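Colleague: Sequence below, structure please.
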Amino acid sequence: MVENINLLLPYLVLFSHVVWVVLFFALIFRNSWGMILSVSLGKHAILLACLTALVAIIGSLFYSEIMGFEPCSLCWWQRVFLYPLAIIFWVALWKKAESAFLYALPFALASALLAAYQSYISLGGTSILPCTALGGACSKIYVMAFGYITIPMMSLTVSLYILLLAWADKIYGKNHPHS
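Modeller: Residues are numbered from 1 along each chain as shown. Alright, predicted model coming up:
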């Protein structure tokens, strides 16, 4: 079962990349064909961001605790920035706070930068930072699918979803100030 999940996750990430591109263009073309999708995305942005952060937590714990992949220093720092997002968005849902993305944005940006850097390393770039883990290094590739999907790319995907949802939330807030 665990191996089946490990084989399925890259396909889910690939599918999520296609969805991300569609949502991105829906926000760009929000005044024409993307209107319904962008309004729905903005209206439910905090809930979707909370679910995205929870999926990231579950995914990272799956790889480290169940699959036994030793997280490197950059992976830990990405967790430092991604894990609080679930709490921020959960509290925002509970308190019906509209400013969650104001607090979440620095975390998502920091995580995205680290994940982009680590993705660059895992896809053949040269590391300028020393990075070690007990069982591996930042450049050790535990997952490689479709020529580009690695664990750092999965983290980057989560960060980009949070940033996309922040954009959708901002657009929705401008157009529906008291909804």
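Colleague: Please make it C-alpha for all contacts and neighbour counts, starting now.
Modeller: Fine.
Colleague: Geometric centre of the protein: which residue is closest?
Modeller: V158 (0.8 Å; CA atoms, centre = their mean).
Colleague: Please, which helix or strand holds that residue?
Modeller: Using DSSP states H and E, the element containing V158 is helix 151-175.
Colleague: and L114, what does it touch?
Modeller: L74, W77, Q78 (CA atoms under 8 Å, 6 or more residues apart in numbering).
Colleague: cool, A26 as well?
Modeller: W33, G34, M35, L37, S38.
Colleague: Okay, and which of those residues map to strands?
Modeller: Using DSSP state E, no member of the contacts of A26 sits in strands.
Colleague: about what we covered before: most neighbours among the contacts of L114, which one is it?
Modeller: Q78 (25 neighbours; other CA atoms under 10 Å).
Colleague: Quick one: distance of the helix or strand that contains it to the chain centre.
Modeller: According to DSSP H and E, Q78 maps onto helix 73-95. Centroid separation for helix 73-95 versus its chain: 11 Å, with CA atoms, centre = their mean, to the nearest Å.
Colleague: Buried residues, the helix or strand just after that helix. List them.
Modeller: Later in the chain than helix 73-95, the nearest helix or strand by DSSP H and E is helix 100-122. Neighbour-count burial for helix 100-122, with 16 or more other CA atoms under 10 Å as criterion, is recorded at 100-101, 104-105, 107-112, 114-122.
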